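Q: Prediction below, plus the sequence it came from.
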Amino acid sequence: MATIRDVAKHAGVSPATVSRVVNGLVGYSDETRERVEAAVRKLSYETDHLARGLNTRQTSVIGLLAPMVSDALASQVMQGVEEEAPERGYAVMLGRTGAKSAYIAGYLRTLRTYRAAGVILISAVITPETRQLLGPSIPIISVAISDKSGSPSVAIDDEQAAYDATRHLLRLGHRRIGLLTGDPASVHVAHPRRRGYLRAMTEAKCTPVAATGTFFYESGAPGVDELLRHDPGLTAIFAVSDEMGTAVVNELQRRGLRVPEDVSDLGFDNTSTPRHVNPPLSTMAQPLEEMGRMAVKKLLRSRDLGPKIMPHRLIERGSTAPPGTPVPRHCLPVSRHRPWAPPGSKRRSAPSPTSVHG
């Protein structure tokens with residue numbers, strides 16, 4: 001029986017393009033569509049492809065839902081999913097649901113009706129309500145979040161990653177390190193990252209100082225204000241997302257503080273945002289694209305849906321250095337540059353940060 005790779009080779013295109021043509025998606029020319037359709041007919045791929053769906057009572061569609069997550073983080077996970085799924089003969093149905101449970105429920109009901117081959121959640125926990133809406137026969141897996149209950153997931157160890165990030169700042173010589181943490185309602189991401197920071201600071205016999213953010217850019221400036229009010233002598237800030245870390249660089253410079261000469265700044269995730277500030281943001285990286293690909297592989301091997309812990313790694317850029325380290329003049333920010341902010345950022349609101357000591 002012909003495979004999607006056979007069709008792709010015969011038509012001179014990629015498996016992803018074959019998947020798009022067969023599933024009626026966009027993103028190719030008329031000439032490409034004609035070549036793919038000719039290859040499908042010659043190799044009898046479509047007949048076998050449809051027969052597989054009838055025999056298994058599944059369509060070749062994977063649902064990909066992003067309930068409430070940074071656009072930069074979600075896009076990198078999506079890229080991994082959209083690279084892997086077509087290679088295996090599956091199309092991807094994307095749902096950007098925001099935080100509205102009604103939208104999430106609607107997508108899950110649709111995917112159940114379509115008899116999707118599986119569902120991937122980006123940075124969202126699999127709840128009993130989720131499983132009930134989707135039904136018992138459709139596998140589901142979460143990416144970039146783990147609830148430690150053994151639910152299907154692909155994630156890093158957030159607590160250990162935050163511990164390693166804080167230890168890096170301590171090894172540089174920093175002792176007054178502020179934490180800009182995430183939404184306190186995020187018990188599966190914000191809480192573990194806070195625990196990792198506190199563990200490292202406690203071991204080093206340093207006093208922790210924390211402010212609460214939202215993971216999003218808008219909470220960076222008020223977070224800096226809160227941290228510096230409680231400890232004006234901070235020499236480093238660890239922000240648990242790149243969006244907040246980027247905002248921290250901009251806010252510190254607005255106040256006349258140099259990064260990293262006066263205050264070092266370390267982010268988390270390694271999304272595309274750290275490249276839009278000067279100096280570029282050091283960060284604790286998640287392998288987001290690889291996590292998306294791994295989720296597809298595990299989803300399609302439904303007997304292999306246990307939790308998968310992926311490696312994290314530190315990426316050092318220009319925003320971190322030992323306290324008081326001078327930096328080359330060409331690395332300093334240029335005042336005429338407008339601070340970067342994510343598109344559409346005004347639509348999000350940030351809560352008042354809360355300080356935590358000890």
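A: Yep, it's here. Bear in mind the structure is a predicted one, so any value in this text is a computation, not a measurement.
Q: Just to check, R313 is in contact with Q286?
A: No: shown here, R313 and Q286 do not form a contact pair, counting by C-beta atoms under 8 Å, at 9.0 Å. The way it works is simple: take the backbone N, C-alpha and C, and place the C-beta from them, glycine included.
Q: quick one: which of the two has more around it?
A: Between R313 and Q286, counted using other C-beta atoms under 10 Å, the more crowded position is Q286 (25 against 13).
Q: Might you report the residue contacts of that one?
A: 144, 156, 161, 269-270, 310, 312 (C-beta atoms under 8 Å, 6 or more residues apart in numbering).
Q: so of the residues you listed, which ones are in helices?
A: Judged by DSSP state H, the contacts of Q286 include A161 as members of helices.
Q: any idea of the mean pLDDT for stretch 39-54?
A: When pLDDT is averaged over stretch 39-54, the result is 62.
Q: again with stretch 135-146
A: Computed over stretch 135-146, the mean pLDDT rounds to 88.
Q: Flag every buried residue along that stretch.
A: Residues of stretch 135-146 classed as buried by neighbour count (16 or more other C-beta atoms under 10 Å): 138-146.
Q: can you pull out the strands in this protein?
A: Using DSSP state E, the strands of the chain run over residues 61-66, 91-96, 118-122, 140-143, 153-155, 177-181, 209-212, 236-239, 264-269, 282-285, 307-309, 313-315, 355-357.
Q: Taking strand 61-66 as reference, get the angle to the second one.
A: Orientation of strand 91-96 against strand 61-66 (axes from the mean of the first three to the mean of the last three C-alpha atoms, to 10 degrees) gives an angle of 20 degrees.
Q: Adjacent strands (with direction) for strand 91-96?
A: Applying DSSP bridges, strand 91-96 is found paired with strand 61-66 (parallel).
Q: How about the fourth one?
A: Under the criterion DSSP bridges, strand 140-143 sits next to strand 118-122 (parallel), strand 153-155 (parallel) in its sheet.
Q: of all those, which lies closest to A165?
A: Of all the strands paired with strand 140-143, it is strand 153-155 that lies closest to A165, at 16.1 Å by C-beta to C-beta.
Q: contacts for that closest one?
A: So strand 153-155 is contacted by 126, 141-147, 291, 294-295, 298, 307-310 (C-beta under 8 Å, 6+ apart).
Q: how about 6 Å then?
A: Under the criterion C-beta atoms under 6 Å, 6 or more residues apart in numbering, residues 142-146, 291, 294-295, 307-308 lie in contact with strand 153-155.
Q: Present those as a markdown table; the columns should include distance to A74.
A: Putting those into a markdown table (distance: C-beta to C-beta, whole Å) gives the following:
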| residue | distance to A74 |
| --- | --- |
| S142 | 13 |
| V143 | 10 |
| A144 | 9 |
| I145 | 12 |
| S146 | 17 |
| M291 | 12 |
| M294 | 16 |
| A295 | 13 |
| P307 | 20 |
| K308 | 19 |
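Q: which two in those residues are spaced the farthest apart?
A: Top of the distance list for the contacts of strand 153-155 (C-beta to C-beta): I145 and M294, 14.0 Å.
Q: what angle separates the helix ranked longest in the chain from strand 118-122?
A: The longest helix of the chain (DSSP H) is helix 71-87. Calculated by the same axes, to 10 degrees, helix 71-87 forms an angle of 160 degrees with strand 118-122.
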